[in-house]
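*Asks:* sharing a model that was predicted from the sequence below.
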Amino acid sequence: MRTGKRLLAMLLSAALLLASGCTVTTEDQGGSQEAQPPEASASEPAGEESEEPQEGVTTINYWSHNGEQFIEANKQIIAKFEEQNPDIKIKYDIFPFNELQEKMKASYAAGAESDCQQIFGTWAVQYTKNGMFSEVPFLTMDQVKESYFEPTYAGYTYEDKLYGLPREFSIENGGVLYYPEELKAAGYDEFPKTYDELIDAAKKCTQYDSGGNITHVGFDMFGPDNVPYTFISFLLQYGGNYWTEDGHVNFTSPESIKGMQSLVDLVLTHKVTDTKHISESDDLSEYFFKGNASMCIIGPWTIATGVNQFGLDNFDYGLMPSIANDSYAFASPTGWGEVVSARSKNLEATWKFIEFATNEENSLLFNDVTYTVPAQKAVANSPEFLEKKPMLAPSIKVLPEGIPIGPFPNAPFFKKTVYDHFVRICNGEETVEQACENIENEINRDIDDSKLS
């Protein structure tokens, strides 16, 4: 999932409401979405608090991005916590998403970071390797494995220790946005149950002009996140694997080639989508919500976009049929979660807040308000949550088959490499076999380069 696009989907207005019972501020700091945290000494003290301390009250500084629904969920949880813990105050600072990562980099380098932060899991590895985050003190790894889906905590784990608590399951697979009326017109009263039915429905929904160019997409997956994640899910469902024992990738296996071929077939054989209708910077879900496609494979976080941003109630979210072996296997990066600075002067109080914020009751609240898929198994399997968010049922069904995406040193590079070579295949510049070999070689070089640096 493209984290920036996810947050834009959540920004439904520019106004930030003031929190009740907690201090909320916003800041502008220049930054880069791909900024990497520095190597710094964990023994340096964290920065001074920005407010005068109140006698008998511990102030915890908490940072997050400015996704509106995330802010609302955080505010509700903070208010509950402060009501139950009058001796602890949360100072809540909010930063634009593209600037939060750079803010963390600069602050950790200067020893001026907040006590705790809400971050995306793929950011965590360099901090944990350098001792920047405090280990979760109230859960053993066995308890974590029992309570959370593995992809949600993998990014916060280092040397079999946990350094963050996940809030969501970051999933781009398993579900398809669709317009029921368009599928009914194609002869499908229900969402297709098999992959063959999906292709048949997509062909019947696709429209062309007199020159054979697509004017209405039947089944869309042409996006910089959708292509790589769908490719990975296909090769896994065919029974393949893409990590080797020495930490490199294998994308030239028969299953990988078959998975890429199936993806390319959507463009060149079935002709239910193309590589012309949307640019790399465009958002696939918005193309769908503007009525330009009948179906679109994408993560369930986009449902809120259709309801809130576009005001639609005529679409649904269906279970993506298995392409092989009755498997719904997919790979996922670690998503949003909570981390605590190892240099916090208020570790006990900070972890008390994080433990409260991530308990089952407040996790359900968070996932409900933010329209995110739960990281906790108990919340995902809760009838109460499914009653609140029935359209997430397809995603929740496939969660047990998800695996961690793996230790790509540069996840954006992995995604762009797969996407670029997919486009070259569709443009006739490479064969499937050549593209898979090039993807493997380029990503393995990146892995080796990261070890040297």
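*Replies:* Arrived safely.

*Asks:* remind me, longest helix of the chain?
*Replies:* Criterion DSSP state H: the longest helix present in the chain is helix 432-452.

*Asks:* dump that helix to CSV, keeping only the CA atoms.
*Replies:* Provided in CSV are the C-alpha atoms of helix 432-452 (Å, rounded to 0.1, in the frame of the first residue of the first chain):
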residue,chain,number,x,y,z
VAL,A,432,8.3,-12.6,-19.0
GLU,A,433,11.4,-14.7,-18.5
GLN,A,434,13.8,-11.8,-19.1
ALA,A,435,11.8,-9.5,-16.8
CYS,A,436,11.8,-12.0,-14.0
GLU,A,437,15.5,-12.5,-14.3
ASN,A,438,16.1,-8.7,-14.4
ILE,A,439,13.9,-8.2,-11.3
GLU,A,440,15.8,-10.8,-9.4
ASN,A,441,19.2,-9.5,-10.4
GLU,A,442,18.4,-5.8,-9.6
ILE,A,443,16.8,-6.5,-6.3
ASN,A,444,19.7,-8.8,-5.2
ARG,A,445,22.2,-6.1,-6.1
ASP,A,446,20.2,-3.7,-3.9
ILE,A,447,20.3,-6.3,-1.1
ASP,A,448,24.1,-6.7,-1.4
ASP,A,449,24.7,-2.9,-1.7
SER,A,450,22.7,-2.4,1.5
LYS,A,451,24.9,-4.9,3.4
LEU,A,452,28.0,-3.0,2.3
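
*Asks:* so how far is it off the chain centroid?
*Replies:* Relative to its chain's centre, helix 432-452 lies at 23 Å (CA atoms, centre = their mean, to the nearest Å).

*Asks:* who's in contact with it?
*Replies:* When contacts are defined by CB atoms under 8 Å, 6 or more residues apart in numbering, helix 432-452 is touched by residues 247-252, 256-257, 260-261, 264, 408-410, 413-414, 417-418, 421-422, 424-425, 430. C-beta here means a position set from N, CA and C on the backbone, and glycine is covered the same way.

*Asks:* among those, which lie within strands?
*Replies:* Among the contacts of helix 432-452, none falls in strands (DSSP state E).

*Asks:* in PyMOL, select just the buried ones from those residues.
*Replies:* Typed into PyMOL, the line below selects the buried ones among these, using 16 or more other CB atoms under 10 Å:
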select buried, resi 249+250+251+256+257+260+261+264+408+409+410+413+414+417+418+421+422+424+425+430
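
*Asks:* tell me which other helices or strands whichever strand or helix holds K89 touches.
*Replies:* Per DSSP states H and E, K89 falls inside strand 88-95. Secondary-structure packing of strand 88-95 (3 or more CB pairs under 8 Å, 6 or more residues apart in numbering; DSSP states H and E): strand 23-26, strand 58-65, helix 68-84, helix 347-357.

*Asks:* list the buried residues in the longest helix of the chain.
*Replies:* In helix 432-452, counting by 16+ other CB under 10 Å, buried: V432, A435, C436, E437, N438, I439, E440, E442, I443, N444, D446, I447.

*Asks:* gap between the fifth one and H248?
*Replies:* If I follow you right, that is N438. Look at N438 and H248: by CB to CB, to the nearest Å, they are 15 Å apart.

*Asks:* what does stretch 259-279 rub up against?
*Replies:* Here stretch 259-279 makes contact (CB under 8 Å, 6+ apart) with 199, 202-203, 205-206, 213-214, 217-223, 227, 230-232, 234-238, 240, 284, 287, 292-293, 323, 422-423, 425-427, 432, 435-436.
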